[in-house]
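**Q** The following comprises the amino acid sequence and a computationally predicted model.
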Amino acid sequence: MDASLLQEVPHRRFNPLTREWVLVSPHRTKRPWLGRVEKAAPENLPAYDPTCYLCPGNERADGARNPKYTSTFIFDNDFAALLPDAPSFDLNGGDLLVAHSEKGICRVMCFSPRHDLTIPRMSLSEICEVIRVWTEEFRRLGALDWVRHVQIFENRGALMGASNPHPHCQIWANASVPVLPEKERASFTEYQAKKKSCLLCDYLRLELELGERVICENDGFAVMTPFWAVWPFETLLVSKRHFASMEDLGGREAELLADILRRITIRYDNLFETSFPYSMGFHQRPTDGEGYPDWHFHAHYYPPLLRSATVQKFMVGYELLANPQRDITAESAARRLNESSETHYLDRP
């Protein structure tokens with residue numbers, strides 16, 4: 001097939017991780033755009049905010065007071081979506097009204113005592129400390145006999161529902177494996193049984209050979225706009241070595257992970273010269289005691305911005321009722337991110 005047709009003709013692309021499809025309509029990018037294209041007002045956050053419930057020494061909403069921490073800080077969410085002592089129940093009404101209780105633990109982790117210091121502005125040593133605590137929490141929570149999955153994720157920016165600009169992430173431990181990680185687990189297992197190899201090892205090798213959608217890489221990790229991306233500037237971070245969780249990071253891999261996290265988020269910020277909003281999360285093996293040799297460590301970035309700092313994509317109409325659709329192809333998005341500098345726009349002379 002002539003690959004140039006992917007930039008001209010409506011088509012569907014298959015996501016082998018979730019085994020779902022996305023409709024791509026590249027010809028629609030030729031239509032005139034009548035919406036506003038603006039820069040966002042610059043954020044001038046202070047290093048310390050006396051009204052912020054995540055800053056060192058400040059009082060949180062439940063009355064607890066933060067210690068005067070000097071590095072990372074982690075605590076149980078004051079308004080947790082999951083509870084470790086939730087009472088057990090099961091409901092089944094004719095296989096149509098089905099529900100059961102779900103235990104869990106929700107933790108909040110501040111990356112830094114500084115109210116204004118995001119991942120792209122942090123030093124490698126500071127990000128390495130974040131990774132160390134992520135690993136420690138994954139290990140500690142995953143060791144609980146009833147926890148089957150630990151999800152580390154960051155909602156960055158008000159567009160992604162972040163209620164506080166202080167740089168932080170969340171860590172949720174579930175008694176069951178959530179829907180998307182379970183879909184990926186099934187895909188890894190089926191691919192291994194069929195191909196006798198790893199899905200993401202093979203995919204990464206193909207993307208590195210083609211080079212068209214790769215944004216940045218180092219000796220341990222690569223970031224690309226996946227062929228099946230739904231969000232305009234969605235990216236996928238994949239480890240070059242096959243392993244299943246942060247517990248398996250070895251040698252310089254923690255530092256290399258810090259490096260790649262910093263590089264992709266700098267590129268995001270530079271794209272529209274704004275603190276780029278996204279939801280990002282690591283997908284690691286379930287924690288139910290099984291080996292999961294087919295699982296491959298990776299992370300997803302889902303940013304909503306489309307054309308500028310103020311124009312975002314919404315899932316509406318066809319996408320809510322049929323399946324996801326995009327106009328900007330993964331290849332054109334990758335080109336835009338590749339053209340974005342790895343020197344943060346706030347650090348330019």
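**A** Arrived safely.
**Q** What ranges in the stretch 1-150 of the chain fall below the confidence cut-off?
**A** The stretch 1-150 of the chain contains residues with pLDDT under 70 at 1-2, 29-42.
**Q** Please enumerate the helices of it.
**A** Along the stretch 1-150 of the chain, the segments classed as helices by DSSP state H, counting those that start in this stretch run 124-142.
**Q** show me the residues around Leu91 that make contact.
**A** Leu97, Val98, Ala99, His100 (C-beta atoms under 8 Å, 6 or more residues apart in numbering). Quick note: C-beta positions are derived from backbone N, CA and C, even for glycine.
**Q** Trp21: which of those is nearest?
**A** Nearest to Trp21, judged by C-beta to C-beta, of the contacts of Leu91 is Val98 at 26.8 Å.
**Q** Please name the residues that touch the closest one.
**A** Leu91, Asn92.
**Q** can you pull up the bridge partners for it?
**A** Here Val98 shows beta-bridge partners Asn92, assigned using DSSP bridges.
**Q** on that earlier part again, take the contacts of Leu91 and write them to TSV, including distance to Pro113.
**A** Formatted as TSV, the contacts of Leu91 follow (distance: C-beta to C-beta, whole Å):
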residue	distance to Pro113
Leu97	48
Val98	45
Ala99	41
His100	40
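**Q** Which single one of those residues is nearest to Ser71?
**A** Among the contacts of Leu91, and counting by C-beta to C-beta, the member closest to Ser71 is His100, at 39.2 Å.
**Q** excluding its backbone neighbours, what's nearest that closest one?
**A** Counting by C-beta to C-beta, 6 or more residues apart in numbering, Asp90 is the residue found nearest to His100 once chain neighbours are left out, at 4.6 Å.
**Q** So that neighbour is in contact with Leu97, correct?
**A** No - using C-beta atoms under 8 Å, Asp90 is not in contact with Leu97; the gap is 11.3 Å.
**Q** Tyr203 belongs to a strand, doesn't it?
**A** No - counting by DSSP: H, G, I helix; E, B strand; the rest coil, Tyr203 is located in no strand; its state is helix.
**Q** Please name the residues that touch the residue nearest to His100.
**A** Ala99, His100, Ser101.
**Q** in the helix or strand hosting Lys194, what's buried?
**A** Assessed by DSSP states H and E, Lys194 sits inside helix 179-195. The neighbour-count check on helix 179-195 (16 or more other C-beta atoms under 10 Å) flags Pro181, Lys183, Glu184, Arg185, Ser187, Phe188, Tyr191 as buried.
**Q** and what of stretch 323-332?
**A** Pro324, Gln325, Arg326, Asp327, Ile328, Thr329, Ala330, Glu331.
**Q** Please apply the same query to stretch 191-208.
**A** Result for stretch 191-208 [16+ other C-beta under 10 Å]: buried residues Tyr191, Cys198, Leu199, Leu200, Cys201, Tyr203, Leu204, Glu207.
**Q** Could you write out the alpha-carbon coordinates of it in CSV?
**A** The C-alpha trace of stretch 191-208 is given here as CSV (Å, rounded to 0.1, in the frame of the first residue of the first chain):
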residue,chain,number,x,y,z
TYR,A,191,0.1,-11.8,21.2
GLN,A,192,2.7,-13.9,23.0
ALA,A,193,0.7,-17.1,22.3
LYS,A,194,0.3,-16.2,18.6
LYS,A,195,3.6,-14.6,17.8
LYS,A,196,5.9,-16.1,20.5
SER,A,197,7.2,-12.6,21.1
CYS,A,198,6.3,-9.4,23.0
LEU,A,199,3.7,-7.0,21.5
LEU,A,200,5.5,-3.8,22.6
CYS,A,201,9.0,-5.2,21.9
ASP,A,202,7.9,-5.8,18.4
TYR,A,203,6.1,-2.5,18.1
LEU,A,204,9.0,-0.5,19.4
ARG,A,205,11.4,-2.2,17.1
LEU,A,206,9.2,-1.3,14.1
GLU,A,207,8.7,2.3,15.2
LEU,A,208,12.5,2.8,15.7
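**Q** what mean pLDDT would you report for it?
**A** Averaged across stretch 191-208, pLDDT comes to 98.
**Q** Contacts for that stretch, please.
**A** Contacts of stretch 191-208 (C-beta under 8 Å, 6+ apart): 16-17, 187-188, 213-214, 217, 222, 224, 227, 238, 240, 242, 294, 296, 298.
**Q** Which of those sits closest to Pro167?
**A** With C-beta to C-beta as the yardstick, the closest approach to Pro167 among those comes from His298, at 22.3 Å.
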